[in-house]
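A.B. asks: This is a predicted model, with the sequence first.
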Amino acid sequence: MQEVTIEIDGLAPGGDAVGRQRDPRGASGPNDGRATFVPLAAPGERVRARLEREKARVAWAELVAIERPSPDRVAPVCPLFGACGGCQWQHVSIDVQRDAKRRIVERALGTPIVAIAPAGPVFGYRDRAKLTVGSGGRLGFHARRSHEIVDVTSCPLLGPELARALPALRRLAGGLTAGTELDVQAGAEGVHVNLVQADAKAAAAHARSEIDRLEAAGVVGLSLAGKPTLGRAEVDVAEPGGAPLAIPAGGFAQVGRAANAALVAAVREAVGPSPGAVGELYAGSGNFTRRLLSVATAVYASDGDAAARSRGARNAPGAIWSARPAAVAVDTVLLDPPREGADRLHLEAARRARHRIVYVSCDPQTLGRDARALAAGGFHLTQAIALDLMPQTFHVEVVAIFERISDRISA
């Protein structure tokens, strides 16, 4: 494929760097200035890259050589960086990572935001992970842009509990079929593991043979395809000082307890000290519900996932739980949808809020789309807070506050 010269401008949603094709001789060709995405490049660099895919106005390429390095480029901590798909931005400084996330959110929303540094280190913050068994019993993460599995003997993003358990999990993987997924979740009691494998009976027998090693490595429970099999069925993943939050491996939880503390604090501040009656949409296992109960006059929590809703009712029994948004008038709506954003049912329910909507998003692009829908329903975006909960990756969490326009006018 053709090689081109690219001046890298910044980091883009999805993790690639992005820049413009330039003729090194200064000539103006038909593709001069075309936007081109290049993974593993850094802002401010001039690079040579091999075109892999192209359209009329945009192209995608693989890095070949760095002709002018960026002053913001740093040496990756992990020797697997670039091959493993788990991280995208280890090669640039943390300040540049955060600035890129701020810019991505601002472009998606069309408004300045307040950036918040993560509550914890830039490495060693993961309390949950999904590992996959590869050929020959290898255990690791998917390779960058590939279905192949990179053999991971250590990972600098894993927190101490998962790092301690990894050698025993790798030994466990040696007796499992390729393609088996291991969801691992660290909590107050230790590490919980969920195995997803076609041959559940064989997986259970092999796990029992390894139970002593697993227990010695801090594993306190194991499930097969979500069915408790050995030891504990869940672990407490609550942030420091938070009310208990029991979650099994494979159930949704934030990436780490320190990160969750920062997110919960941001949501509490956004909801305010007197939110009145609150409708919580996509409430999951009750992570935010636990904290809403102390300030709201009532909490109507809903989630379409029956297992998550059952856990939520145990974690936050003071809320009124349902499978669909409650058909009641509320003052404040809190919604925390999946990456694809809120569906029509939940957006319509959110727009019934008397005063305020607090939207928690893990994808700025779908948040931007839904912000336009909320604006059409009479709500104005007043503030957005970006939280860098997952350093070394492109992921960013946003807490956005929308106020009913009629309230702002009357005020």
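C.D. replies: Yep, it's here. Quick caveat, the model's predicted, so the values are computed rather than measured.
A.B. asks: tell me which residues form a beta bridge with the spatially closest residue to Glu67 that is not a sequence neighbour?
C.D. replies: Leaving aside its sequence neighbours, Glu67 sits nearest to Arg46 (C-beta to C-beta, 6 or more residues apart in numbering; 4.5 Å). The way it works is simple: take the backbone N, C-alpha and C, and place the C-beta from them, glycine included. Beta-bridge partners for Arg46, by DSSP bridges, are Glu7, Arg68.
A.B. asks: Please list all residues in contact with Arg46.
C.D. replies: Each residue near Arg46 by C-beta atoms under 8 Å, 6 or more residues apart in numbering is listed here: 5-8, 22, 66-68.
A.B. asks: what about Ala262, distance to Ala371?
C.D. replies: For Ala262, the distance to Ala371 equals 22 Å [C-beta to C-beta, to the nearest Å].
A.B. asks: and those two? which has more neighbours close in?
C.D. replies: Each of Ala262 and Ala371 has its neighbours counted (other C-beta atoms under 10 Å); Ala371 has more, 25 against 21.
A.B. asks: That one: what secondary structure?
C.D. replies: Put simply, Ala371 is helix when judged by DSSP: H, G, I helix; E, B strand; the rest coil.
A.B. asks: can I assume it is in contact with His380?
C.D. replies: No - under the criterion of C-beta atoms under 8 Å, Ala371 is not in contact with His380, lying 9.7 Å apart.
A.B. asks: where does the stretch 51-200 of the chain dip in pLDDT?
C.D. replies: Along the stretch 51-200 of the chain, the model assigns pLDDT under 70 to no residue.
A.B. asks: where exactly do the strands run in it?
C.D. replies: Counting by DSSP state E, counting those that start in this stretch, the stretch 51-200 of the chain has strands at residues 58-68, 114-116, 128-133, 139-142, 149-151, 181-186, 191-196.
A.B. asks: which is the next helix or strand following the last one?
C.D. replies: What that stands for is strand 191-196. Following strand 191-196 in sequence order, the next helix or strand is helix 200-209 (DSSP states H and E).
A.B. asks: Which strands or helices does that following helix pack on?
C.D. replies: Counting by 3 or more C-beta pairs under 8 Å, 6 or more residues apart in numbering; DSSP states H and E, the packing neighbours recorded for helix 200-209 are strand 219-224, strand 227-231.
A.B. asks: after it, next one along is what?
C.D. replies: On the C-terminal side of helix 200-209, the closest following helix or strand by DSSP H and E is helix 211-216.
A.B. asks: what sits up against that following helix?
C.D. replies: 165, 168-169, 171-172, 193, 207, 222, 230-231.
A.B. asks: Max pairwise distance over these: which two?
C.D. replies: Within the contacts of helix 211-216, Arg171 and Gly231 form the most distant pair, 17.3 Å apart (C-beta to C-beta).
A.B. asks: Out of the contacts of Arg46, which end up buried?
C.D. replies: Buried by 16 or more other C-beta atoms under 10 Å: 5-8, 22, 66, out of the contacts of Arg46.
A.B. asks: can you redo the contacts of helix 211-216 as TSV with neighbour count?
C.D. replies: Shown next, in TSV, are the contacts of helix 211-216 (neighbours: other C-beta atoms under 10 Å):
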residue	neighbour count
Ala165	23
Ala168	21
Leu169	22
Arg171	15
Leu172	28
Val193	27
Ala207	22
Leu222	26
Leu230	18
Gly231	17
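A.B. asks: wait, which of these is closest to His142?
C.D. replies: For the contacts of helix 211-216, the nearest to His142 is Leu169 (16.5 Å; C-beta to C-beta).
A.B. asks: returning to what we had before: state the pLDDT value of the residue nearest to Glu67.
C.D. replies: Predicted confidence (pLDDT) for Arg46: 97.
A.B. asks: Quick check: the gap between it and Glu189.
C.D. replies: The value you get for Arg46 to Glu189, if C-beta to C-beta is used, is 52 Å.
A.B. asks: Ok, Ala313 next?
C.D. replies: Distance of Ala313 to Glu189, computed by C-beta to C-beta: 21 Å.
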